[in-house]
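J.: Model the following, please.
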Amino acid sequence: MSAESADVTALLLRWSAGDSDALEALTPVVYDDLKRLARGVLARERPHQSPSPTTLVHEVYLRLVDQRKVQWKNRAYFFGAAAHIMRRVLVDQARARASGKRGGSAVQIAIDETTATVAGLSEGILDIDAALERLGSVDERKVRVVEMKCFAGMTNQEVAEALSISDATVERDWKMARAWLIRAVQAGA
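T.: Below you'll find the predicted structure:
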């Protein structure tokens, strides 16, 4: 574990124990990473329909600090939770736009190995969210893998650490989830 990861983990553990000073110290340490993740996710979306990276990070941060009774295990677990919340924020915003425009265009997100993009899959986030919900009813862990890789840009090793599984299991889950999502989104089209 790197020194930065150890520092973040220590601050998260203090925050979990109720130390509000730890949250204050944690914020500047993770802010740049959260903003980098937001820029990565938003780079694959339509600019006129996307919040700014700063706005997205602030919304994610507000939802993170509002979490109660979370036992933050480590840095990877924290960023996995941030990925899930980032997905929820983008889905909420896409639903609000769609309801206001009666079928207006949804936010675009792609799924691949490096930028979290599968060639040919450019469906809106609402379609992907619906597919992830269906996948979650079958295998919640695969949904977490997709969230961490696509929304947090985490490596297989980081996902493995966050979920307490092996790198090989992450890779298998990623391949299966990716194939499942492609079929589910294409079937829904």
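J.: Spatially nearest residue to Arg36, not counting backbone neighbours?
T.: Excluding the flanking residues, the one nearest Arg36 by CB to CB, 6 or more residues apart in numbering is Gly153, at 7.8 Å. For glycine as for every other residue, the C-beta is placed from the backbone atoms N, C-alpha and C.
J.: The one you found contacts Leu42, correct?
T.: No - using CB atoms under 8 Å, Gly153 makes no contact with Leu42, being 11.9 Å away.
J.: By residue count, what's the longest helix in this protein?
T.: Taking DSSP state H as the criterion, the chain has its longest helix at helix 75-101.
J.: in that one, what's buried?
T.: Buried residues in helix 75-101, defined by neighbour count with 16 or more other CB atoms under 10 Å: 75-91, 93-94, 98.
J.: Three-state assignment for the residue nearest to Arg36, please.
T.: What DSSP: H, G, I helix; E, B strand; the rest coil gives for Gly153 is coil.
J.: which phi and psi does it have?
T.: Main-chain dihedrals, Gly153, degrees, to the nearest 10: phi 60, psi 30.
J.: Could you pull up the residues touching it?
T.: Residues near Gly153 by CB atoms under 8 Å, 6 or more residues apart in numbering: 36-37, 40-41, 116.
J.: From Leu135, how far off is Val143?
T.: Val143 is 5 Å from Leu135, where distance means CB to CB, to the nearest Å.
J.: what do those two both touch?
T.: Ala177.
J.: Give me the more crowded residue out of those two.
T.: Val143 (22 against 18; other CB atoms under 10 Å).
J.: what's the nearest residue to that one if we skip its chain neighbours?
T.: The shortest distance from Val143 to any non-neighbouring residue, by CB to CB, 6+ apart, is to Gly136 (4.4 Å).
J.: mean confidence for whichever strand or helix holds the one you found?
T.: Secondary structure from DSSP states H and E places Gly136 in helix 125-138. Average pLDDT, helix 125-138: 88.
J.: Packing partners of the helix or strand that it is followed by?
T.: Tracing the chain past helix 125-138, the next element assigned as helix or strand by DSSP H and E is helix 140-150. In this structure, helix 140-150 makes packing contacts with helix 75-101, helix 125-138, helix 156-163, helix 167-188, judged by 3 or more CB pairs under 8 Å, 6 or more residues apart in numbering; DSSP states H and E.
J.: and Asp66, which of those is closest to it?
T.: Of all these, helix 75-101 sits nearest to Asp66, with 9.7 Å by CB to CB.
J.: Could you tell me the angle between the closest one and helix 156-163?
T.: Inter-element angle recorded for helix 75-101 and helix 156-163: 90 degrees (by axes from the mean of the first three to the mean of the last three CA atoms, to 10 degrees).
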